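1. output the structure for:
(2 chains)
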Amino acid sequence: MIIDSQLMSFFTAGSLIVIGIFAALFLDNLIKKIIGLAFLADGVNLFIITMGYKAGGIVYILLPNMTISNFAQNASYPLPFALVLTNIVIGASTLAVMLGLIIVLNKKHGSISASKILGDKGEKIE
Amino acid sequence: MDILIPLMVIIPIASALFLNLLHKNDSTIKIIAIITALILPVIALITPYGSHYFGGYAPLAQNSTIAQGLPALITGTQLFQFHPAITYVFGSAQQLMIFILVLISFFAIYTSINETKKPSGVYAFLMFMGTASVSAILLSDDIFNLFVFFEIAAMAQVGIIVASGIKDNYETALKYILLGNIAGPLLLLGIALLLGITGNVNITDIIFSIKNGLVDPYSPAILMALGLLTFGWLYASGLPPFHTIKSAVYSKALPHGAALLQAFSVFSMVAIGVIILRMFAYIPFTSTAIIGISLLAMVLGITMAIVQTDFKRIIGFLAVGELGYIGIGLGLGTAFGITAGLFQAVNEAIITAFLFIGFGTVLYKTRTSDTRKLGGMMFVNPKLALLVLLSGLAMAGIPPLNAFQSKLMLIQASIQSGLPELGIIMILLSIVTFMTFMKAFYTIYMRPKPAELEILENKIPKSTIISLVIFLIICIILGLFPQIATNSLQTLATGLV
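-> As a prediction, this is how the structure comes out:
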C-alpha cells in the first residue's frame, strides 16, 4: 500500500506537470496561464518530495538516545525537503512578480488576454 | 578553504540590498555603487584558487579529523568521497570570467549613473543582484545552488527590463518571465532526476557516481535529465528557440543594461554548458546536439539581424549568433576547441558590451534606436563613430582585435576535429556579421542626416567615452596577446576532455 501511495504521488506530480505546461502554452487568459505555471512548479515539488520518501523512515533528527548507525540506516533523506522548501520561496517570488506585471498590463490594455497583450497568435482556449 | 571566494557573491548581494534601501539618496547611491563595482574586480584578481564549503566541510576523504570515529557505514562507502556542503570552486577560468563579468558590470553601472540624471538605487540593486547570481552560477559546484541563482538572475533581468521605461518593456518582461517559469521548473525536474538516481546535487559527486558505475549511465532518467538541463541551458543563454525573446530583452533594456544582460547570457551559457559537458560528454549525441543547436543559433541570429531596423535588436541578434561560436567550441569536445569556445565567450561578452554602450550614445543624442530615422551621426562626433566602428570590426573578427584570435582558434579546432565544413560556415557567417554591422553603421553614421531627425544638445558623458576606450584597449590587448586569456582557460578545458 505504501508503494502504491508513492506511485500515486508520482502520477499526481506528472499530471500536475502536464496540466501546467498545457495551461501555460495554450490558455489565453494570463491568470490561467500563471495558475498553470504554479501547477507546474507544484508538480515538480511533489515529484521531489515523493522521491525523498522512505518507507518506514524516521525523521532526520539525531536524538540523544539514538546510535549513529541506527540513525544512518533509518533516517529519511533530508535533502529533497530542503530543496522543495527553497523552491517554494522562489515560486512565490516569481508568482508575485508575474501578477504584478499583469496588474500593470491590465491597466494599460484593459485586458488580461495573452493574444491582446503579448500578441500571441496561438490557439485560443478559454 | 578561502573566505574570499564567497565574497564575490556576498558583496554584490549585500550592496544590492543596501542600495535598494537608499532609494532617492542620489549621492550615497553613486558612491556606494561605484565603490562596490570597483571592489569586485579586485576581489576576483586577488582571490587564491581553491574551494569553499558553505555550512559544512571538505569531503571526508580529505578530512581525516572528522572521519575518525565514524562508522564503516559512512567511511567504507562512497559517502567518504562525497561533498557534504554547498561547494564553490574557483580556478583560473572562473577567475578570468568573473573578472570580465564584474568589469562589464562596473562599466554598466558607471555609465548608467552618469547618463541618468537621478541614479536609481533599485536599478543598481538589480544590476548587482544579476552580477552576484551569474558569479555564483560560474562558481557553484552544486547544481541546486546553480538553479537558485539561475532563478534570481532571471528575476534580475526582468527587473532591468521593467526599470528601463522603454515602450512595451512590460510586455517583453512578462513574456520572458512566463518562459522562465516553464524553463526553471523543467531544469529543476532534471536536477531532481539526477538527485533521485545519484542521491546527490553536488556536480563532482554526480559525475563520480556516473563514472564509477554506481548508476547506469544510459538509464532513461539520466537521458531525460540531460534533455531537461539542456532546455534550461537554452533559456539561460538565449539559444534557439529562445533567441527571439532574448534579443527582445536586450532591445527593451537601456544600452548599459543590455550590455550587462548579454554578459549574463554569455557566462550562464558557458557555466551551464560546461556542467552539461562534465556530466554527459560520454553520451555520443551530447556533442552533436550542442553543435547542431549552436549552428542554428549562428544562422538564425545573424540572418535575423540583417532584417532588423532597430539597432538594439540588430546587436541582440548578432549577439545570439555569436553565442553559436561559443557552442561550436564546446561541442567540438577537444581541449583546443573548448579553450577556443571559452575564449570566444570572454571576447563576445566584452565586444557586445562595447557595441551596446557605443550605439547607446546614438540613443542618448537622438532618443531613437530606429535605423530608418537615423543618419549623419558621424558628423556629430567622429571620434565616437570610430570607436563604434572598431567595436563592430572586433565582433566580425577583424585582426588585430580579440575575436579574430578566438574565431581563428575555432576554425583551427574544427579542422583538427575533422569538421572543416564548420570552419567554412563560421567564416561565411563572420562575413555576413561584418556586412550586417556595416549596413547598420552606414545607415546610422554615414548617410546624410534625415531632415526630421532631431539631435539633442546634451553632451555624451565622459564616463561613457572612458568605458568605450577601455573596452577597445581590452580588445586590442587580447587580440595581440591571446595567451593571457587562453592560458587561464586551458586548465578548465583540459579537465573536460
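2. what's the span of stretch B:300-319, first residue to last?
-> End-to-end distance for stretch B:300-319, by Cα to Cα, to the nearest Å: 11 Å.
3. show me what residue of the stretch 301-450 of chain B gets nearest to chain A.
-> Of all residues in the stretch 301-450 of chain B, the one sitting closest to chain A is residue B:313 (15.5 Å; Cβ to the nearest Cβ). The way it works is simple: take the backbone N, C-alpha and C, and place the C-beta from them, glycine included.
4. output the below-cut-off pLDDT ranges for the stretch 1-150 of chain B.
-> B:1, B:118-119 (pLDDT under 70).
5. let's see it at 90
-> Along the stretch 1-150 of chain B, the parts satisfying pLDDT under 90 run over B:1-3, B:20-30, B:54-85, B:113-123.
6. what about the strands in it?
-> B:50-54, B:86-90 (DSSP state E, counting those that start in this stretch).
7. reformat those strands as CSV; add distance to chain A and mean neighbour count.
-> Formatted as CSV, those follow (distance: least, Cβ to the nearest Cβ, whole Å; neighbours: other Cβ atoms under 10 Å in any protein chain shown):
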stretch, distance to chain A, mean neighbour count
strand B:50-54, 13, 17
strand B:86-90, 11, 22
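8. right, and those strands - which one's nearest residue A:97?
-> Residue A:97 lies closest to strand B:86-90 among the strands of the stretch 1-150 of chain B, at 25.3 Å (Cβ to Cβ).
9. tell me which other helices or strands the closest one touches.
-> Counting contacts by 3 or more Cβ pairs under 8 Å, 6 or more residues apart in numbering or on different chains; DSSP states H and E, strand B:86-90 is packed against helix B:4-21, strand B:50-54, helix B:121-139.
10. OK, contacts around residue B:128?
-> B:12, B:13, B:15, B:16, B:19, B:33, B:36, B:105, B:109 (Cβ atoms under 8 Å, 6 or more residues apart in numbering or on different chains).
11. look up the closest residue to it, ignoring the ones flanking it.
-> Spatial nearest neighbour of residue B:128, excluding adjacent residues (Cβ to Cβ, 6 or more residues apart in numbering or on different chains): residue B:16 at 3.7 Å.
12. wouldn't the one you found be in contact with residue B:125 here?
-> Yes - in terms of Cβ atoms under 8 Å, residue B:16 counts as a neighbour of residue B:125; the distance is 4.4 Å.
13. picking that back up, and the contacts of residue B:128, which of them are buried?
-> Buried members of those, counted by 16 or more other Cβ atoms under 10 Å in any protein chain shown: B:12, B:13, B:15, B:16, B:19, B:33, B:36, B:105, B:109.
14. surely the last one meets residue B:40?
-> No - using Cβ under 8 Å, residue B:109 is not in contact with residue B:40; the gap is 10.0 Å.
15. helix or strand next in line after the one helix or strand residue B:299 maps to, which one?
-> Element membership of residue B:299 [criterion: DSSP states H and E] is helix B:284-306. Counting by DSSP H and E, the element after helix B:284-306 in chain order, helix or strand, is helix B:311-332.
16. tell me the mean pLDDT over the following helix or strand past that next one?
-> Sequence-wise, the next helix or strand downstream of helix B:311-332 (DSSP H and E) is helix B:335-366. Helix B:335-366 shows a mean pLDDT of 95.
17. residues of helix B:335-366 that come out buried?
-> The neighbour-count criterion (16+ other Cβ under 10 Å) identifies B:335-366 as the buried residues of helix B:335-366.
18. next: stretch A:56-75.
-> Residues of stretch A:56-75 classed as buried: A:60, A:75 (neighbour count, 16+ other Cβ under 10 Å).
19. and that stretch with chain B, contact?
-> Yes - using Cβ under 8 Å from any Cβ of the partner chain, we find that stretch A:56-75 touches chain B at A:68, A:69, A:72, A:73.
20. looking at these, which are in helices?
-> A:68, A:69, A:72, A:73 (DSSP state H).
21. got TSV for the residues you listed, with pLDDT too?
-> Below are these laid out as TSV (pLDDT from 0 to 100):
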residue	pLDDT
A:68	80
A:69	80
A:72	78
A:73	82
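22. closest to residue B:486 among the residues you listed?
-> Nearest member of these to residue B:486, counting by Cβ to Cβ, is residue A:72, at 46.8 Å.
23. number of residues surrounding the nearest residue to the closest one once chain neighbours are set aside?
-> Nearest residue to residue A:72 in three dimensions, chain neighbours excluded: residue B:73, at 5.3 Å (Cβ to Cβ, 6+ apart). Residue neighbour count, defined by other Cβ atoms under 10 Å in any protein chain shown, stands at 12 for residue B:73.
24. could you pull out the buried residues of stretch B:327-337?
-> For stretch B:327-337, the neighbour count (16+ other Cβ under 10 Å) marks B:327, B:328, B:329, B:330, B:331, B:332, B:333, B:334, B:335, B:336, B:337 as buried.
25. for residue A:64, state which of those is nearest.
-> Nearest member of the buried residues of stretch B:327-337 to residue A:64, counting by Cβ to Cβ, is residue B:330, at 51.8 Å.
26. thought the closest one was touching residue B:277?
-> Yes - in this structure, residue B:330 is within contact of residue B:277 by Cβ under 8 Å, at 6.1 Å.
27. between these two, what contacts are shared?
-> Shared contacts of residue B:330 and residue B:277 (Cβ under 8 Å, 6+ apart): B:290, B:338.
28. thinking again about what came up before, please report how far the residue nearest to residue B:128 lies from chain A.
-> Distance, residue B:16 to chain A, using Cβ to the nearest Cβ, to the nearest Å: 15 Å.
29. equivalent analysis for residue B:22, please.
-> Note on residue B:22: its distance to chain A, by Cβ to the nearest Cβ, is 22 Å.
30. and the residue of the stretch 201-350 of chain B that's closest to chain A?
-> Closest residue of the stretch 201-350 of chain B to chain A, Cβ to the nearest Cβ: residue B:201 (6.8 Å).
31. what residue lies at the spatial centre of chain A?
-> residue A:42 (1.6 Å; Cα atoms, centre = their mean).
32. hmm, back to that, wait, which of the buried residues of stretch B:327-337 is closest to residue B:292?
-> Of all the buried residues of stretch B:327-337, residue B:331 has the smallest distance to residue B:292: 8.1 Å, by Cβ to Cβ.
33. next, give phi and psi for residue B:63.
-> Per-residue torsions, residue B:63: phi -140, psi 80 (degrees, to the nearest 10).
34. for it, what are its contacts?
-> When contacts are counted by Cβ under 8 Å, 6+ apart, residue B:63 touches residue B:57.
35. understood, closing this out.
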